[in-house]
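Colleague: Dropping the sequence and predicted coords here.
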Amino acid sequence: MPSDREAPLIAREAVGGSYFLLTFRHPEVARQARAGQFVMMKAGHSPEPPLRRPFSIMDVAPELETFTLFVKAVGSGTRELADLPVGHGALCLGPLGTAFSPPPAGVEPVLIAGGYGIAPLLLWSRELKRAGLTPRLFYGGRSRADLALEPAVEALGLPHEFSTDDGSYGQAGKVTEAVARYLANSGPAALYGCGPHAMLLAVASLAERRGLRAQVSLDPWMGCGLGICLSCVVRVQRRGEERGKYRCACTEGPVFDAADVVWSDEAASRSHREEAGA
Ligand SMILES: Cc1cc2nc3c(=O)[nH]c(=O)nc-3n(C[C@H](O)[C@H](O)[C@H](O)COP(=O)(O)OP(=O)(O)OC[C@H]3O[C@@H](n4cnc5c(N)ncnc54)[C@H](O)[C@@H]3O)c2cc1C
Ligand code: FES
């Protein structure tokens with residue numbers, strides 16, 4: 001059950017560019033959250049923006065009753081959170097949504113992160129490692145500045161590869177190109193993706209071409225996080241269904257099987273957002 005309470009900010013770390021690590025105290029989120037789940041947050045009681053914003057949970061410390069977010073400040077909601085003074089409270093509802101599920105025995109988990117999409121995949125790496133698995137993590141961005149959590153990835157002690165579109169760090173090119181090169185010689189793999197829409201689409205088509213299962217975490221607009229406002233619907237067609245159904249990404253996602261997502265609809269909703277100046 002999600003819990004709604006004020007969560008004091010315990011620590012803030014600027015990690016380059018507009019990226020921040022923010023640690024909050026919230027015992028229920030710290031105890032219950034699983035990788036892929038998210039919280040709806042809003043700094044203090046400021047009137048702007050009126051609605052809370054969704055953020056994936058990047059880490060939890062149940063013994064300290066804290067959880068950590070990796071936030072890219074892009075607009076008023078994220079900036080207000082990033083500017084919150086330590087000790088001040090944020091409104092926090094969570095944990096919400098679905099979590100990633102582990103691969104079958106003998107299948108290698110291959111995690112693919114773009115930009116702030118690294119957040120849930122760091123927690124997923126730790127959960128898989130605790131379960132005795134060895135996930136392989138691919139972390140890409142437009143340039144080196146977008147790989148702000150590179151030290152945290154190195155510290156995991158798991159196989160990993162970095163890539164940048166402009167070649168300023170790691171392999172040059174899209175992160176999914178690095179994944180495709182790896183998969184060409186690997187054994188059975190299950191893909192897990194979180195990042196920009198184009199990257200998720202590439203993950204879905206890579207999985208389809210190679211006959212692999214992929215789970216992706218989508219990030220549509222979210223107003224409530226509770227299945228009430230319907231701002232987050234995505235069309236999903238599960239096996240056995242004759243046609244796709246609109247499903248709330250906040251309650252039935254954000255993690256979906258990539259093969260079930262009707263990607264043509266997803267692309268259309270993205271372009272409406274872009275046209276609207278989003
Ligand atoms: C399930 C989920 C998990 C998320 N996890 C994280 C996370 O771990 N870290 C993080 O920094 N952000 C995450 N986001 C995105 C974050 O919620 C948005 O960046 C935030 O809502 C922007 O609010 P704002 O008021 O700062 O910006 P707004 O003023 O609302 O928008 C400012 C600009 O940000 C862009 N923007 C806003 N929302 C999105 C979005 N969802 N996707 C792409 N572009 C967007 C728009 O292009 C717009 O121009 C997640 C979103 C979802 C749905
Ligand atoms: S965010 Fe309101 S229904 Fe999903």
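Modeller: Sure thing, it's come through. Ligands and ions are numbered 1, 2, ... in the order given.
Colleague: longest strand of this protein?
Modeller: strand 3-14 (DSSP state E).
Colleague: buried residues in the helix or strand following it?
Modeller: Using DSSP states H and E, the helix or strand that follows strand 3-14 towards the C-terminus is strand 19-25. By 16 or more other C-beta atoms under 10 Å, the buried positions in strand 19-25 come out as 19-25. In this view, the C-beta of every residue, glycine as well, is placed from N, C-alpha and C.
Colleague: list the helices and strands strand 19-25 packs on?
Modeller: strand 3-14, strand 66-72, helix 76-82 (3 or more C-beta pairs under 8 Å, 6 or more residues apart in numbering; DSSP states H and E).
Colleague: Please repeat the previous calculation with a cut-off of 10 Å.
Modeller: strand 3-14, strand 38-43, strand 59-61, strand 66-72, helix 76-82, strand 89-96 (3 or more C-beta pairs under 10 Å, 6 or more residues apart in numbering; DSSP states H and E).
Colleague: Pull out the buried positions in the helix or strand following it.
Modeller: Proceeding N to C from strand 19-25, the next assigned helix or strand is helix 27-32, under DSSP H and E. Within helix 27-32, the residues scored as buried using 16+ other C-beta under 10 Å are 28-30, 32.
Colleague: Residues of this protein that sit close to ligand 1?
Modeller: 38, 49, 53-56, 69-72, 74-78, 116, 119, 219-220, 222, 254, 278 (C-beta under 6 Å from any ligand atom).
Colleague: quick one, which of the helices and strands packed on strand 19-25 is packed in tightest?
Modeller: strand 38-43 (a mean of 25; mean count of other C-beta atoms under 10 Å).
Colleague: so how far is that strand off the chain centroid?
Modeller: 14 Å (C-alpha atoms, centre = their mean, to the nearest Å).
Colleague: do the same with stretch 129-148
Modeller: Taking mean C-alpha positions (C-alpha atoms, centre = their mean), stretch 129-148 and its chain are 12 Å apart.
Colleague: Now the stretch 1-150 of the chain against ligand 1: closest residue?
Modeller: When scored by C-beta to the nearest ligand atom, the stretch 1-150 of the chain has residue 75 as its residue closest to ligand 1, at 2.2 Å.
Colleague: Number of residues surrounding that residue?
Modeller: Residues near residue 75, counting by other C-beta atoms under 10 Å, number 11.
Colleague: Quick check: it touching residue 221?
Modeller: No - assessed by C-beta atoms under 10 Å, residue 75 is found out of contact with residue 221, at 11.9 Å.
Colleague: can I get the buried residues of strand 19-25 in CSV with distance to residue 64 and pLDDT?
Modeller: CSV is the format used below for those (distance: C-beta to C-beta, whole Å; pLDDT from 0 to 100):
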residue, distance to residue 64, pLDDT
19, 22, 96
20, 19, 97
21, 15, 98
22, 14, 98
23, 9, 98
24, 11, 98
25, 8, 98
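Colleague: May I have the beta-bridge partners of the residue nearest to residue 13 when sequence neighbours are not counted?
Modeller: Excluding its sequence neighbours, the residue lying closest to residue 13 (C-beta to C-beta, 6 or more residues apart in numbering) is residue 21, at 4.4 Å. Counting by DSSP bridges, residue 21 is bridged to residue 13, residue 70.
Colleague: OK, contacts around residue 21?
Modeller: By C-beta atoms under 10 Å, 6 or more residues apart in numbering, residue 21 lies in contact with 11-15, 58-59, 68-71, 119, 148-149, 152.
Colleague: Residue in the stretch 151-278 of the chain with the shortest distance to ligand 1?
Modeller: residue 219 (3.6 Å).
Colleague: What residues does the protein have near ligand 2?
Modeller: 222-225, 227-232, 248, 250.
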